[in-house]
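Enquirer: Got a predicted structure plus its sequence, pasted below:
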Amino acid sequence: MRASRLLNRTLFDEPADAELKSHKLLARGGYIRKVGAGLYSYGPLMWRTLRKISAIVREEMDRAGAQEVLLPILQPMEFWEESGRADTYLKAGIMFHLKDRRGVALCLGPTAEEMITDLLRATVDSYKQLPITAYQISNKYRDEFRPRFGLMRGREFIMKDAYSFDADEAGLDASYGAMREAYVRVFQRCGLKFVVVEADSGAIGGSRSEEFMVTAEAGEDALLTCPHCGYGANVERAESVLPAGDSGGAPLPMRNESTPGITTVAALAEFFKLAPSRMVKTVLFEATYKNKVQALAVLIRGDLDAHPVKVQNAAGAIALEMASDDLVRKVTGAEPGYAGPIGLKDTRILADTSVQGMTNFLCGANQSDRHLLDVNWERDLPLPKFAEMRAARAGETCARCQTGQLQGLRGIEVGHVFKLGTKYSDAMKALFTAADGKRRPFVMGCYGIGVSRIAAAAVEQNHDDKGIVWPAALAPYEVVIIPMQMDNPAAVQAAEKLYVELQRAGVEVLLDDRDNRPGPKLKDSELLGFPFRVLCGRSLEQGQVEIERRAGGAKELVPLADAAAWLRKAVGAG
Ligand code: ATP
Ligand code: MG
């Protein structure tokens, strides 16, 4: 490709709303152009990279025995009613939905379990046709709450989604294992550093799931890993051994004390000279359930924090928000900061296991400027329902091996594998005849890869202050050739010659034949991040070109006559 013909423009300024480096660099490079919140046009450079990612994904899916299909993006809502997910998705506000001219309700698919389950129930009757894994690569639509991270979190984005159908759990184990292995290969081939962690199953539901996380400081997900046993989990799910707390001793009479303006654990600890582990924090949420919205109080030990995802799961809620100050006033009858478990109005109470067995604890009094001390379960308030909602933290002991200390790191979720079981096949009556002649629901798994998010994650993990440093496998072009002076015929001819040779050798090459000064061309090539740059300039007097690696910046003078072979070899080696 000739840069003079390329539909692209690099920009000096980064978008005002961009927070992530990947967003800034892809926008400045002209790779993407925003047309609305979370909506982007992909230029030819971006599309080449996205096609490369798709090609790797497709090859690995095919190798694992999965079959490619293409399911509707515009999906009738009746299927979502049938699977029982319509409510959840509509209430969470994540689904784009519309009516056609006849008034039929439709949505833009955020995912495609319903479509694939329908295809299987219409096509497969017998266990003899199983197992089947089908996948597609297509746009998905989600009305994300904060679509501000470029390709990382689009409202329209490219996802590979695969679905496995088996006769039984053992079959699912094998299908899941094959997909997991394919995923490892995909992310390795993309040249990404990643970890696989246990994950929450979220709104899709299911029994086991793992996430593939590209490690990057700007990652949205907090992860914990154990260097001792290799355990790794998203904090949404990670478990640690409960840190020891101070003992409360034998029950004392309950007291109601004045605590003017003292609302935080730290301030209370100072005021009463009491360890935070002797306090029960009452955190108020507004929880949305299938058929109601209700205040939810979560009780947790003062030195610990509840994780909202664990709370949502324990509560069985569809959505969860922190309670507004108004709601706090309404249910406690007091100003915010004094909530406690005794006397809350219209509020469901759940307690983290950390408060089980505590004695003589401190908690809010549900009266402004007052707290209760020496509170005891069963005597002063009924035993609540307990669930584990505590967020594990770095430095705590791994719950798996009970030995290692959990380490924290941040990641970008680029892939997710789930064991779904029969949730969808039961709901949608997707049955096959089993070996014993009985009709049974398919045992399903589902497997997603964020194709467009991989591009952003790759940039997030591989850039410097000059621009993008594409992993070789994802770069839109492998080599850029820059004639340094367009008015120097020797430089232009050498560049043209090498351009033709590289094309013949099957190397993906961009020739920067724009009538520009060398400075901006060099800057552009750094910003755009091609793995190799060939400068045709002064060194041609000795019959040489200068070849520079984008990653690391190593430079080498290579005879023009050998340059094509040199590059071909270097590109092949990654
Ligand atoms: P997240 O937690 O980041 O919102 P998710 O868990 O809801 O993602 P899945 O339903 O597991 O996403 O989708 C499969 C894959 O699709 C994810 O692992 C991710 O790589 C990608 N993905 C999900 N949402 C987006 C988005 N808004 N933009 C780009 N990629 C996305
Ligand atoms: Mg996910």
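Expert: Yep, that arrived. Ligands and ions are numbered 1, 2, ... in the order given.
Enquirer: Just the residues contacting the strand or helix carrying residue 425, thanks.
Expert: Counting by DSSP states H and E, the element that carries residue 425 is helix 423-427. Helix 423-427 has contacts (CB atoms under 8 Å, 6 or more residues apart in numbering) with 82-84, 113-114, 117, 121, 165, 205-206, 430-431, 441-444. (Glycine included, C-beta is placed from N, CA and C.)
Enquirer: Could you turn the buried ones of these into a PyMOL selection?
Expert: The PyMOL selection below is limited to those of the contacts of helix 423-427 classed as buried (16 or more other CB atoms under 10 Å):
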select buried, resi 82+83+113+114+117+121+165+205+206+430+431+441+442+443+444
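Enquirer: Keeping just the C-alphas, turn the helix holding residue 425 into CSV.
Expert: Output of helix 423-427 as CSV, limited to C-alpha atoms (Å, rounded to 0.1, in the frame of the first residue of the first chain):
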residue,chain,number,x,y,z
LYS,A,423,-30.1,-23.1,31.8
TYR,A,424,-31.0,-22.1,28.2
SER,A,425,-31.8,-25.5,26.9
ASP,A,426,-34.3,-26.1,29.8
ALA,A,427,-35.9,-22.7,29.4
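Enquirer: what about the helix or strand following that helix, distance to the chain center?
Expert: Next helix or strand after helix 423-427 toward the C-terminus (DSSP H and E): strand 431-433. Strand 431-433 has its C-alpha centroid displaced from the chain centroid by 35 Å (CA atoms, centre = their mean, to the nearest Å).
Enquirer: same check, this time on stretch 444-463
Expert: Its chain's C-alpha centre and that of stretch 444-463 lie 8 Å apart, by CA atoms, centre = their mean.
Enquirer: Please work out the average pLDDT along that stretch.
Expert: Taken as a whole, stretch 444-463 has a mean pLDDT of 98.
Enquirer: Endpoints of that stretch, how far apart?
Expert: Using CA to CA, to the nearest Å, one end of stretch 444-463 lies 39 Å from the other.
Enquirer: Tell me the bridge partners for the one residue in the stretch 151-300 of the chain that gets nearest to ligand 1.
Expert: Going by CB to the nearest ligand atom, ligand 1 is nearest to residue 157 of the stretch 151-300 of the chain, at 3.6 Å. For residue 157, the beta-bridge partners are residue 140 (DSSP bridges).
Enquirer: And it, how far from residue 109?
Expert: 12 Å (CB to CB, to the nearest Å).
Enquirer: any residues in contact with both of those two?
Expert: Counting by CB under 8 Å, 6+ apart, the residues touching both residue 157 and residue 109 are residue 140.
Enquirer: Between these two, point out the one with more neighbours.
Expert: Comparing residue 157 with residue 109 by other CB atoms under 10 Å, the one with more neighbours is residue 109, at 25 against 22.
Enquirer: OK, contacts around that one?
Expert: Applying CB under 8 Å, 6+ apart, the residues near residue 109 are 71, 72, 73, 74, 75, 115, 140, 141.
Enquirer: related to what we said a few turns ago, residue 130 versus the residue of the stretch 151-300 of the chain closest to ligand 1, what's the distance?
Expert: From residue 157 over to residue 130 (counting by CB to CB), the distance is 31 Å.
Enquirer: Wondering if the longest strand along the chain reaches ligand 1 at all.
Expert: Ordering each strand of the chain by length in residues (DSSP state E) puts strand 407-421 first. Yes. Counting by CB under 6 Å from any ligand atom, ligand 1 is contacted by strand 407-421 at 413, 414, 415, 416.
Enquirer: same thing with stretch 128-137?
Expert: No. Stretch 128-137 stays clear of ligand 1 (CB under 6 Å from any ligand atom), getting no nearer than 11.5 Å.
Enquirer: Report the two of the residues of strand 407-421 next to ligand 1 separated the most.
Expert: 414 and 416 (8.6 Å; CB to CB).
Enquirer: who's in contact with the residue in the stretch 351-500 of the chain that ligand 1 sits nearest to?
Expert: Relative to ligand 1, the nearest point of the stretch 351-500 of the chain is residue 450 (2.3 Å; CB to the nearest ligand atom). Listed by CB under 8 Å, 6+ apart, the contact partners of residue 450 are 157, 158, 159, 413, 414, 415, 457.
Enquirer: what does residue 558 give?
Expert: Under the criterion of CB under 8 Å, 6+ apart, the neighbours of residue 558 are 544, 545, 546, 547, 566.
Enquirer: Name the nearest residue to the first one, ignoring sequence neighbours.
Expert: The spatial neighbour of residue 544 that comes closest, neighbours along the chain excluded (CB to CB, 6 or more residues apart in numbering), is residue 557 at 4.5 Å.
Enquirer: so what's the one you found bridging to?
Expert: So, taking DSSP bridges as the rule, residue 557 has residue 546 as bridge partners.
Enquirer: Tell me how far it lies from ligand 1.
Expert: Counting by CB to the nearest ligand atom, to the nearest Å, the separation of residue 557 from ligand 1 is 42 Å.
Enquirer: Pull the residues that contact the helix or strand that contains residue 270.
Expert: In this structure, residue 270 sits in helix 265-272 according to DSSP H and E. The contact list for helix 265-272 (CB under 8 Å, 6+ apart) reads 257, 259, 262, 274-276, 279, 281, 302-303, 362, 371, 373.
Enquirer: For those, work out which two are farthest apart.
Expert: The widest separation within the contacts of helix 265-272 (CB to CB) is 20.3 Å, between 257 and 303.
Enquirer: Pull out the buried members of the contacts of residue 109.
Expert: Buried members of these, scored by 16+ other CB under 10 Å, are 71, 73, 75, 115, 140, 141.
Enquirer: Give the closest residue to residue 405 in space, chain neighbours not counted.
Expert: residue 395 (5.8 Å).
Enquirer: ok, now which ones touch residue 181?
Expert: Applying CB under 8 Å, 6+ apart, the residues near residue 181 are residue 64.
Enquirer: what's the angle between the strand or helix carrying it and strand 407-421?
Expert: Using DSSP H and E, residue 181 maps to helix 169-189. Using axes from the mean of the first three to the mean of the last three CA atoms, to 10 degrees, the inter-axis angle of helix 169-189 relative to strand 407-421 is 140 degrees.
Enquirer: Going forward, the N-terminal residue is numbered 5.
Expert: Let's use 5 as the start, then, which means that last one is helix 173-193.
Enquirer: pretty sure residue 228 contacts residue 410?
Expert: Yes. The criterion here is CB atoms under 8 Å, and residue 228 meets it with residue 410 at 4.4 Å.
Enquirer: Quick check: neighbours shared by those two?
Expert: Contacts common to residue 228 and residue 410, judged by CB under 8 Å, 6+ apart, are 242, 244, 396, 397, 398.
Enquirer: Flag every residue of the stretch 5-154 of the chain that's near ligand 1.
Expert: For the stretch 5-154 of the chain, the contact set with ligand 1 under CB under 6 Å from any ligand atom comprises 115, 146, 148.
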